[in-house]
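*Asks:* 3D model of this:
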Amino acid sequence: MLRESKDDKVKEANVDVRTGRKWVAKSAVEDAESLLRHRDIVGVVTSGRLGFGNIHQPLWQSADTRHTRELVQQEVRRGKEDLQEKKKAVSTKQWKVSKSVLNLVVYAKKQNDADSALRSLEESLIDDYKEKVIDDPVIKDLSKDQEAKIMKLEETCEVEIDINKRIGLIKVRGLIENLSEAMDEVHKILRDIERQKQKQQHAKLVKDMVQWYFISVEDTGQKLEEYPPEVNLLLEQALKNNEPQAFFLDNSGNKYIVDFTNYEEYLEDDPSDTVAVLRKSKMTGSGFDMPSNWAAMDQNENIKIVTLQPADKEYQDVVKDFQTNMAGNYNSIVKLLLCQG
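*Replies:* Residues are numbered from 1 along each chain as shown. Here you go, the predicted model:
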């Protein structure tokens, strides 16, 4: 460095070192010296559990000319390398945000003070970081799309999620404020799956007792075509509720209307193109409605024990009545079981 020359004229020459447009030597040296002076003020710090005496740091103010120049060169080089690493991280096409990471450096005069601060921080994090477990047989039947929807909550709710379909278990870990939101979302997804499964079970029961058909006209004559189980259930429920008509959508999103007055089906966009519909009862004198709050049951199940979730309305109603009648006479509610049969 010319300004460190012993010759006063050389030192005061104020030579301008020409560099590239994106890097200025003078600014880089000034920044490096500023960081070195700040490091002298702060002193040697501890990193993690590394004790004092393990880190050796030469002082900028007490270094001779040669060591001063080396320290500045090292700091400039380190700053340039850090900048290149940052640019590389930003320009990489395949990067993605995963878990948030926070690096902390504890400054203290004594090692004991630093250790105490770290312990307090760890205890605080332990108190705020919890794990919740969801044990539900519905988890075993998760599709890939449903599983992906749950795992998406890791990003939106900032939590960690482990799914074990084999044993029907989901573990959710994170900060308490994030954990509560994530658990609510997971329960909503599982309840939607349960309702869909229940609807499919209900549709199968209805199909065993009643079948709706539409009559297609072909070259060989008329032919009875069965409605799918879900549409069959929809039509039967609408008729039972004395509704004048029902509608459903096909796979292409076209809306079809079924008129119960004339027993005709037609496309909403073309009411003139109609086909006749027909209802056939397979049984008489038998009901098929299952309670709306029941979980789906397999054909070979006579009794099913279902664990109610805190988000379920039935769970909330039972807890409310229990707390009203047993106020002060119980410690806690572990879980509620519903016996179906």
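*Asks:* can you pull out the helices in the chain?
*Replies:* Ranges of helices in the chain, per DSSP state H, are 8-11, 25-42, 65-91, 111-128, 144-151, 153-157, 176-207, 229-240, 313-325.
*Asks:* can I get those in TSV with mean pLDDT, distance to Ala296 and mean neighbour count?
*Replies:* In this view, the C-beta of every residue, glycine as well, is placed from N, C-alpha and C. Output for these, formatted as TSV (pLDDT from 0 to 100; distance: least, Cβ to Cβ, whole Å; neighbours: other Cβ atoms under 10 Å):
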stretch	mean pLDDT	distance to Ala296	mean neighbour count
helix 8-11	61	88	10
helix 25-42	73	64	14
helix 65-91	68	49	13
helix 111-128	74	38	12
helix 144-151	90	15	13
helix 153-157	89	24	16
helix 176-207	88	4	17
helix 229-240	90	14	18
helix 313-325	84	16	12
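*Asks:* Let's have those in JSON lines, adding distance to Thr220.
*Replies:* Listed next are the helices of the chain as JSON lines, based on distance: least, Cβ to Cβ, whole Å:
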{"stretch": "helix 8-11", "distance to Thr220": "108"}
{"stretch": "helix 25-42", "distance to Thr220": "89"}
{"stretch": "helix 65-91", "distance to Thr220": "67"}
{"stretch": "helix 111-128", "distance to Thr220": "72"}
{"stretch": "helix 144-151", "distance to Thr220": "41"}
{"stretch": "helix 153-157", "distance to Thr220": "54"}
{"stretch": "helix 176-207", "distance to Thr220": "26"}
{"stretch": "helix 229-240", "distance to Thr220": "25"}
{"stretch": "helix 313-325", "distance to Thr220": "53"}
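*Asks:* Out of those helices, which gets nearest to Val138?
*Replies:* helix 176-207 (5.2 Å; Cβ to Cβ).
*Asks:* what's the closest one packed up against?
*Replies:* Packing contacts for helix 176-207, counted by 3 or more Cβ pairs under 8 Å, 6 or more residues apart in numbering; DSSP states H and E, involve strand 129-135, helix 144-151, helix 153-157, strand 169-175, helix 229-240.
*Asks:* Quick one, which of the helices of the chain gets closest to Ala295.
*Replies:* That would be helix 176-207 among the helices of the chain, by Cβ to Cβ, at 5.9 Å.
*Asks:* Return the distance of the closest one from the chain's centre.
*Replies:* With Cα atoms, centre = their mean, to the nearest Å as the basis, helix 176-207 stands 16 Å off its chain's centre.
*Asks:* likewise stretch 240-257?
*Replies:* Worked out by Cα atoms, centre = their mean, stretch 240-257 lies 35 Å from the chain centre.
*Asks:* can you list the domains in this structure?
*Replies:* Structural domains annotated on the chain: 2-89, 128-204, 209-281, 304-340, as defined by automatic domain parsing.
*Asks:* Which residues are in contact with the closest residue to Glu181 other than its chain neighbours?
*Replies:* In space, Glu181 comes closest to Cys157 once its chain neighbours are excluded; the distance is 5.2 Å by Cβ to Cβ, 6 or more residues apart in numbering. Contacts for Cys157 were tallied using Cβ atoms under 8 Å, 6 or more residues apart in numbering; they are Gly174, Asn178, Glu181, Ala182, Glu185.
*Asks:* Including distance to Asn103, could the residues you listed go into CSV?
*Replies:* As requested, those are arranged in CSV below (distance: Cβ to Cβ, whole Å):
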residue, distance to Asn103
Gly174, 20
Asn178, 21
Glu181, 26
Ala182, 25
Glu185, 30
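*Asks:* that older thread, would you reformat the domains of the chain as CSV and include distance to Gln111?
*Replies:* Output for the domains of the chain, formatted as CSV (distance: least, Cβ to Cβ, whole Å):
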stretch, distance to Gln111
domain 2-89, 5
domain 128-204, 26
domain 209-281, 69
domain 304-340, 44
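*Asks:* State the pLDDT value of Phe214.
*Replies:* Note for Phe214: predicted pLDDT of 88.
*Asks:* how much space between it and Glu226?
*Replies:* With distances taken as Cβ to Cβ, to the nearest Å, Phe214 is found 9 Å from Glu226.
*Asks:* neighbour count winner among these two?
*Replies:* Phe214 (20 against 13; other Cβ atoms under 10 Å).
*Asks:* Could you verify my assumption that that one touches Thr274?
*Replies:* No: with contact defined as Cβ atoms under 8 Å, Phe214 does not count as touching Thr274 (10.0 Å).
*Asks:* which neighbours do those two share?
*Replies:* Common neighbours of Phe214 and Thr274 (Cβ under 8 Å, 6+ apart) are Glu265.
*Asks:* Nearest residue to Ala182 in space, please, no chain neighbours.
*Replies:* Cys157 (3.9 Å).
*Asks:* actually Asp250, sorry about that
*Replies:* Of all residues not flanking Asp250 in the chain, Tyr256 sits nearest, at 6.7 Å (Cβ to Cβ, 6+ apart).
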